[in-house]
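Chemist: just need the structure, nothing else, for what follows:
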Amino acid sequence: MRIIFTISLLVGWSVLSLHAQYFGQNKPSYEEFDFELYKTPNFELYHYFSNQELVESLGRQSEKWYYYHQQILLDTFKLKSPIIFYSNHADFQQTTAVSSRIDVGTGGVTEGMKRRVVMPVTFTKQQTDHVLGHELVHAFQYHMLANDEEINLMAINNVPLWMIEGMAEYLSLGSINSHTALWMRDALINNNFPSLEDMTRSYRYSPYRYGHAFWAYIAHQYGEQYISRLFRATVHNGYEQAISDVLMISNDSLSIEWETTLREHLLDEAIDSTFSIIGNRLISKKNSGRYNLNPSLSPDGNYLVYLSERDLYDIDLFLAKGSTGEVISRLYTATSHDEIDALNYLETAGTWSPDSRFFAFIAFKQGQSTCQIFDVEKKQLDREIIIENYDEISWPDWNPASNHIAFAALNNGVSDIIVYDLDTDSVTNLTHNNYSCIQPSWTHDGEYLYYVSDKSLSEQLYSRNSLNIARISADGEQHELYNTFDGAKNLNPTSTQNNDEVLFLSNWDGRRNLYLYNTETKSLNQVTNYPTGITGMTDYAPALTISGDTLLYTMLWNGEYSIYQTSLQHLGDKLQAVNNREVNFSDSRLMPYSSIPSQVETNLYFNRQPYALQADSFFTDKIQNRFKLDFIGNASAGVMTGRFGTGMAGSIEAMFSDILGKNMLYTALSINGEIYDFGGQIAYINQRKRVKVGVGLSHIPYRTGTYQYQTDSLGDGSTSRSLNYLFRRTFEDKLSVFTFIPINKTRRFELGASYAFYNYRIEKLKNINSFSQVYSAEKERMPAPDGFGTGIFDAAFVIDNAKMGLASPVEGKRLRIQMEHYLHKLQMQTLLIDFRRYVFIKPYSLAFRLYHYGRYGKDSDTERMTELFLGSPWFVRGYDMGNFYGDESTNGNTISMNQMIGTRLLVSNLEWRMPFTGPKEIAMLSSGFLFSELAMFIDAGVSWNKNSYPVARLTTNSNQQRIPVFSGGLAYRVNLFGALILEPYYAFPFHQNRIKTGEFGINIFAGW
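Modeler: So this is what the prediction gives:
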């Protein structure tokens, strides 16, 4: 779940390249969705479901949440707010409504300008309802900003993320939530509870969990009427000033009082300070990462597969020894299996074949939810399962006695338990009902399946939020629903070797512990009594795995997830009988009971519905595809004066799209210098199908300059020699058509055709005093080449599976091969090859680049095209200042500017990258908000043209021989909050067999 407001930052003249992204991973649209529009009194629901009952239910839920949130936030929608529903997460990842890529862990997105909520239907009705309620809070937040005349949407940046997400969690969950409570209890026990400043500055504290607890405290201590007041004040003045103005308390004092109240309420000192953890810690931060999740133990106990960010920058799948936890290898990482779009890591674990050779896990590939089967012995993917007629699959479990895998399968908003036969490729649906059925788990003999259902028993009093344990036979004929804990989330059923016994997790006492239920005797026993809990990243994430007598479980402790190992025999000594009628959620309450009535709690508890909604206010309508503003950014204007006179600078850009993002219109205007330096671009892209096509029209000025010595005759017969600066403008007017053909997330083809007209303006600045500092009072317009038009065809193939680090890629590879063919007035071809390889050596990385760009053909050296400059910091650092350049006559000690200019370049770069500021696990200096790295580099390059040639020598006295130039030094690369990578560097040029004085420079196109 996240909110999006797009901010564009352009430096100088930099128009969004709609034709070529150069590098960057794709967001493929594998399928075309035929959306329909269903309107309710306050919403427009866009969907493609064939299940009309689901559509109507989502419409009622949307109105319910509007009714709830309106009571607290005191805001009313003037226009219907759009909600775009997808039938599963694989489809959601392909959405064109928002341009950014969707992570597997994202439950929904709310976009600011149009207040669009975009989300998938999930495996349970409870999850879908919660995500919808959460995202609609964001829609209200944006609506409040949009209707405040004193601010604009950019003011959302004044509100810390924990305030934004925490409010959405509180208003959609209330103050009773065991998952948030166990996070708070864990922080309090370990004396790691953050202040509000800590939450704002550090990434370590979940904005969802801590923000949820914060708003629960505000509602309890001050009343829910202060939620809207505090949010609005924060939008205007920031949270510190808002707390002082609205609550009349300092930020520090509020932090202390909040922690004190939580500590007194959530902790039972007699119990929470004396408990002991059962078993030994097998996987933890000491031998892996901070988040070690979703364990799966092989039947023979020799292997363990689990998820972890052990290698720091992403969650990968690791294979370890089952007895010691020693990591053997990575089974899956995005850089080694880039044919897979994403690993489904959040709420599902993998499963082993009975012979412990194959491991199956869920992944997204080509827009589908698939089961990938990995051969552990051969260390390669063996098979892929795609189950037709189901939108998504999850929670696989391999039958220990046969070649069948059970899944939870989602179709049209309803989840069932299905069984896939690996021998016949046939599918059997076991449940066939409208209830949510998830988390299948085979009994030891393979005759029955335990699973979780939201179906309630008649004797249950608190059925609305119940998730119960059920069992069904392999043929689907025998079915039984068990009354474990009334009103609780009873999850993660795992069969022991006794087929009648099932271990499961429950929050019946407000915590999250392990329980054992006997289906024959109906006995119910508590196994653990932890103040934090056995849990994964969410309530639904699997946290248990059994092999023989060995049990592994995941536990939250001190903000980290560790995997513990114990035996079932040892657990037998810990059993304590409990009564399933004695449900008590007091430990789930984030605040004590209050005499102040809570509107949020009342609405959620009674599931209140809005009143006076007429049946005819819900209806189907036709979709209107109108362009509306998505964002407007980079708006700036100014006047500057300097040594060359007066100039102007300014820019603005805007993006428009229809409601589904199928059609996009981009416009940009910019000026930087004189009136001649005005540029603009307009482009249209059609994203309706997998192959995206577009057309663009642009006028772009390119500015270059060169130094030139000039000898003039004086009146007395003598001569004088002066240094001049030739300032050249190339104006490009282009009409282009282009297309993107994504193969998957990491590979694509690009094709384009265009017609461009080029014309020129050249000015000479006379009698400048040096290469490095240009001062001149004389400017003269010079003759320029005639303008000309040319047609251009281009094609490119791109690979990018690189994994980003703090300020640059750290693992993977990038490759771009591009060719252009010019015709008509310019007979020329260009070739671009850009290969990059990144090797991760925890926590450092080694980066290598090999780059070639060349113009070939009859007109490759024409003066009508600007020559290429090897000394750009993007190529070889340390050569852009020009302090050491000589004149045209090389003397063996200096280098001519001609050596740096050509129509063909070959560049090689090598860097050793070291995290400098960032997470303390990897960086030299710990920082929660400033991410940067140091890089030791060696650059090398050579330029040439048709009249010269490169030589493998370090020195030359010939203008026709082009020698390689080198530099080495240190760069500091800083990530400016994701908007820009800035790289100051200090480089020592090396040429003509001599090391020159170090040069300081700044690279604004850093982080290759």
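
Chemist: isn't Asp421 right next to Asn399, touching?
Modeler: No: with contact defined as CB atoms under 8 Å, Asp421 does not reach Asn399; the gap is 9.8 Å. All C-beta spots, glycine's among them, are computed from the backbone N, C-alpha and C.

Chemist: neighbour-wise, which of those two wins?
Modeler: Applying other CB atoms under 10 Å to Asp421 and Asn399 shows that Asn399 carries more neighbours, namely 22 against 14.

Chemist: quick check: bridge partners of the residue lying closest to Asn686 once chain neighbours are set aside?
Modeler: Excluding its sequence neighbours, the residue lying closest to Asn686 (CB to CB, 6 or more residues apart in numbering) is Val693, at 5.3 Å. With DSSP bridges as the criterion, Val693 is bridged to Asn686, Thr739.

Chemist: what of Glu983?
Modeler: Beta-bridge pairing of Glu983, defined through DSSP bridges, involves Asn1003.

Chemist: ok, it - contacts?
Modeler: By CB atoms under 8 Å, 6 or more residues apart in numbering, the contact list for Glu983 reads Pro873, Ala971, Tyr972, Arg973, Val974, Ile1002, Asn1003, Ile1004, Ala1006, Gly1007.

Chemist: ok, which pair from the residues you listed is furthest apart?
Modeler: Maximum pairwise distance among the contacts of Glu983 (CB to CB): 14.9 Å, between Pro873 and Val974.

Chemist: circling back: my guess is the residue nearest to Asn686 meets Thr739, correct?
Modeler: Yes: between Val693 and Thr739 a contact is recorded at 4.6 Å, counting by CB under 8 Å.

Chemist: residue ranges with poor pLDDT in this protein?
Modeler: For the chain, residues meeting the criterion pLDDT under 70 lie at 1-20, 270, 460-464, 611-612, 634-649, 707-721, 767-777, 882-893.

Chemist: which SSE is the residue nearest the centre of it in?
Modeler: Closest to where the C-alpha atoms of the chain average out (CA atoms, centre = their mean) is Asp103, at 5.3 Å. For Asp103, there is no host helix or strand (DSSP states H and E).

Chemist: once you drop chain neighbours, what's closest to it?
Modeler: Ala342 (7.6 Å).

Chemist: could you pick out the buried ones from the contacts of Glu983?
Modeler: Pro873, Ala971, Tyr972, Arg973, Val974, Asn1003, Ala1006, Gly1007 (16 or more other CB atoms under 10 Å).

Chemist: just those now: which is nearest Glu53?
Modeler: Gly1007 (50.1 Å).

Chemist: what sits against His541?
Modeler: You called it His, but residue 541 is Ala. Neighbours of Ala541 in contact, by CB under 8 Å, 6+ apart: Leu293, Asn294, Leu346, Glu347, Thr348, Thr535.

Chemist: among those residues, which two are most distant?
Modeler: The largest separation in these, counting by CB to CB, is between Thr348 and Thr535 at 14.8 Å.

Chemist: quick one on the thing from earlier: give me the number of residues near the residue nearest to Asp103?
Modeler: Using other CB under 10 Å: Ala342 sits among 18 other residues.

Chemist: verify the contact between it and Val104 for me.
Modeler: Yes: between Ala342 and Val104 there is a contact under CB under 8 Å: 5.0 Å.

Chemist: which residues do those two both contact?
Modeler: Applying CB under 8 Å, 6+ apart, one finds that Ala342 and Val104 are jointly contacted by Gln93, Phe364.

Chemist: which residue ranges make up the domains of the chain?
Modeler: Listed domain ranges for the chain are 34-147, 158-274+585-615, 342-553+563-583, 802-1008 (source: automatic domain parsing).

Chemist: the shortest one: end-to-end distance?
Modeler: Start-to-end span of domain 34-147 (CA to CA, to the nearest Å) is 33 Å.

Chemist: in a helix, Ala187, correct?
Modeler: Yes: residue state for Ala187 (DSSP: H, G, I helix; E, B strand; the rest coil) corresponds to a helix.

Chemist: got phi/psi on Gln127?
Modeler: When quoted as degrees, to the nearest 10, the phi and psi of Gln127 stand at phi -60, psi -50.

Chemist: surely it and Leu467 touch.
Modeler: No: Gln127 is beyond contact range of Leu467, at 10.6 Å (criterion: CB under 8 Å).

Chemist: leaving aside the residues next to it on the chain, what's closest to Pro31?
Modeler: Let me fix one detail, which is that residue 31 is Glu and not Pro. Of all residues not flanking Glu31 in the chain, Gly367 sits nearest, at 5.5 Å (CB to CB, 6+ apart).

Chemist: ok, that neighbour - contacts?
Modeler: When contacts are counted by CB under 8 Å, 6+ apart, Gly367 touches Pro28, Ser29, Tyr30, Glu31, Ala90, Asp91, Gln93, Gln94, Asp341.

Chemist: let's have those in JSON lines, adding secondary structure and neighbour count.
Modeler: Shown next, in JSON lines, are those (DSSP: H, G, I helix; E, B strand; the rest coil; neighbours: other CB atoms under 10 Å):
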{"residue": "Pro28", "secondary structure": "coil", "neighbour count": "22"}
{"residue": "Ser29", "secondary structure": "coil", "neighbour count": "22"}
{"residue": "Tyr30", "secondary structure": "coil", "neighbour count": "16"}
{"residue": "Glu31", "secondary structure": "coil", "neighbour count": "15"}
{"residue": "Ala90", "secondary structure": "helix", "neighbour count": "24"}
{"residue": "Asp91", "secondary structure": "helix", "neighbour count": "22"}
{"residue": "Gln93", "secondary structure": "coil", "neighbour count": "23"}
{"residue": "Gln94", "secondary structure": "coil", "neighbour count": "19"}
{"residue": "Asp341", "secondary structure": "coil", "neighbour count": "26"}
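
Chemist: which one of these sits closest to Leu491?
Modeler: Closest to Leu491, out of all of those and judged by CB to CB, is Ala90, at 23.5 Å.
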